[in-house]
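**Q** quick one: sequence plus predicted model below, questions after.
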Amino acid sequence: MPLSVSPTNGRRNARILAVCQGLFVAAISIDLTLTALTGHMLAPNRALSTLPFALITVAGALVTWFASLLMQRIGRRRGFALGALAGAAGGGLSVWAVFHADFWAFCAGTALVGVFQAFAQYYRLAAADAVEPAAKSRAISVVMAGGVIAAIAGPALAAWSRDLFAPVTFAGAYLMVTLLALLSAALLWGGYRDAEAPAAAGEIQAGLPARPLREVARQPVFVAALANNVVGSVSMMFIMTAAPLAAVACSHSIGDGANIMQWHLVGMYAPAFFAGTLIQRFGLPRVLGAGMLLNVACSLIAMASPSLPAFYAALFCLGVGWNFMFVGGTTLLAQSYRPSERARAQGAAEMLRYAATALATLAAGPALDAFGWEALNAAMLPVVLAAGLMTWLWVRGPVQRGAVAGPG
């Protein structure tokens, strides 16, 4: 059973998770920067180029429900460390696959990195569960902020290490994935402690039982949380997966593609320094709306021009938009369930998000080949509109909105 935690210890756990988030983001950003290109190099068929990249998300979708239930049984400390060790194994297998030009072994390696991602996606929720409701969005932002430096360092590390074992291109970069994941596992095992905030007094007195998952999922607050987390992630991964290949197809260099991804990752994580403050000051509906508008801006900019500045601007808007939708959606999710419902509610939400994102990443490569860069971006506009509709249905319900209108 998880232990109760003081505010000080809750903040300490959040800081440890922020560092681990940084290590995870540095590792995963290497895959985000190079895996589509590595897949293109190793694939026996051009249409399979983005399969290794997509398998990161597919594996995450398959594992995320199991990860939530496993951590309920063995504790988050052990679960998080196990996930990081899976990432280290995936990085090592990827090194072997690149040396031996084995496409399918490389797919297995990236799938193990997806297992790492499935566990790491619970860092933000672990931080939120360890603090009182008024501090949840701040705790989530602290963890997300851990990715800022890593968002810069990861692609730079990928560029530096990709020729470490020249002439075997990219093998050195995946060795970095292994080392970063091992460091994360050591920090989690040595520094993180399983804990959560005490239940609210009213919940203790009432002894509220766990509701059926379908009842939790029917709440407008849960639907809005899921819509923002799913759509933010789907639009981000669909465009991001194709972006390096689209940039090369538009006569930009591989180096330009890596720099575009670096700028995008900065957009994803830099707003975490102030997203919690924005939510507190302006409220969740406005911040979520801003995230959706930035996603729309990404699509319009990308459709308007194939120039390098347009790629930079579009992918930066996409990153910031994802951050606003993801932090806001996670804040809603963390307030949609009772403590006794946590594992099932979190597991279901993350599984659905990963499943949708996996479909998007699997479709990105073939869609880019068949329809082109402009069509990919146009396809995201109605998807973002759907998230806006689900969020509006939550906002118009005064009871649901009042429950979470002013998180700190």
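**A** The structure has been received and is ready for your questions.

**Q** need the residues that contact the helix or strand hosting Trp160.
**A** Applying DSSP states H and E as the criterion places Trp160 in helix 147-161. Outside of helix 147-161, the residues within contact range by Cβ atoms under 8 Å, 6 or more residues apart in numbering are 21-30, 32-34, 172-173, 175-176, 255, 258-259, 261-262, 265-266, 268-270, 272-273. No exception for glycine: its C-beta is placed from N, CA and C like everyone else's.

**Q** got the buried residues for it?
**A** When burial is assessed from 16 or more other Cβ atoms under 10 Å, helix 147-161 yields the following buried residues: 147-148, 150-159, 161.

**Q** got it, and stretch 382-399?
**A** By neighbour count on 16+ other Cβ under 10 Å, the buried set for stretch 382-399 is 383-384, 387-388, 390-391, 394-395.

**Q** also stretch 30-41?
**A** Within stretch 30-41, the residues that qualify as buried by neighbour count (16+ other Cβ under 10 Å) are 30-40.

**Q** just the CA trace of stretch 370-383, in PDB.
**A** Extracted as PDB, the C-alpha positions of stretch 370-383 are listed here (Å, rounded to 0.1, in the frame of the first residue of the first chain):
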ATOM      1  CA  ALA A 370       0.600   8.700 -50.700                       C
ATOM      2  CA  PHE A 371      -0.800  12.200 -50.000                       C
ATOM      3  CA  GLY A 372       2.100  14.500 -49.200                       C
ATOM      4  CA  TRP A 373       3.000  16.900 -46.300                       C
ATOM      5  CA  GLU A 374       0.200  19.400 -46.900                       C
ATOM      6  CA  ALA A 375      -2.500  16.700 -46.800                       C
ATOM      7  CA  LEU A 376      -1.100  15.300 -43.500                       C
ATOM      8  CA  ASN A 377      -1.500  18.700 -41.800                       C
ATOM      9  CA  ALA A 378      -4.900  19.300 -43.300                       C
ATOM     10  CA  ALA A 379      -6.100  16.000 -41.900                       C
ATOM     11  CA  MET A 380      -5.400  17.200 -38.300                       C
ATOM     12  CA  LEU A 381      -7.800  20.200 -38.500                       C
ATOM     13  CA  PRO A 382     -11.000  18.200 -37.900                       C
ATOM     14  CA  VAL A 383      -9.400  16.100 -35.200                       C
END
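
**Q** wait, which of the buried residues of stretch 382-399 is closest to Ala135?
**A** Minimum distance to Ala135 across those is 21.6 Å, recorded for Trp394 (Cβ to Cβ).

**Q** where does pLDDT dip in the stretch 201-350 of the chain?
**A** Residue ranges of the stretch 201-350 of the chain with pLDDT under 70: 201-207.

**Q** how about 50 then?
**A** Across the stretch 201-350 of the chain, the stretches falling below the confidence threshold (pLDDT under 50) are 201-206.

**Q** can you pull out the helices in the stretch 101-250 of the chain?
**A** Taking DSSP state H, counting those that start in this stretch as the criterion, the stretch 101-250 of the chain contains helices spanning 103-120, 123-129, 136-145, 147-161, 171-191, 201-206, 213-217, 220-249.

**Q** elements contacting the first one?
**A** For helix 103-120, the packing partners by 3 or more Cβ pairs under 8 Å, 6 or more residues apart in numbering; DSSP states H and E come out as helix 7-42, helix 51-74, helix 76-99, helix 171-191.

**Q** and the two most separated of the buried residues of helix 147-161?
**A** Maximum pairwise distance among the buried residues of helix 147-161 (Cβ to Cβ): 20.6 Å, between Val148 and Ser161.

**Q** got the contact list for stretch 314-325?
**A** Identification of contacts with stretch 314-325 by Cβ under 8 Å, 6+ apart yields 144, 228-229, 231-233, 235-236, 239-240, 243, 260-261, 263-272, 275, 278, 287-288, 290-295, 297-299, 301-302, 377, 387.

**Q** re earlier: okay if I get the helices of the stretch 101-250 of the chain as TSV plus distance to Gly329?
**A** As requested, those are exported to TSV (distance: least, Cβ to Cβ, whole Å):
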stretch	distance to Gly329
helix 103-120	17
helix 123-129	11
helix 136-145	10
helix 147-161	17
helix 171-191	24
helix 201-206	23
helix 213-217	14
helix 220-249	3
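
**Q** excluding its backbone neighbours, what's nearest Ala224?
**A** Trp394 (3.6 Å; Cβ to Cβ, 6 or more residues apart in numbering).

**Q** any idea how far the one you found is from Leu332?
**A** Here the criterion is Cβ to Cβ, to the nearest Å. By it, Trp394 lies 8 Å from Leu332.

**Q** give me the element the closest residue to Gly232 other than its chain neighbours is part of.
**A** In space, Gly232 comes closest to Met325 once its chain neighbours are excluded; the distance is 3.3 Å by Cβ to Cβ, 6+ apart. Under DSSP H and E, the secondary-structure element containing Met325 is helix 308-334.
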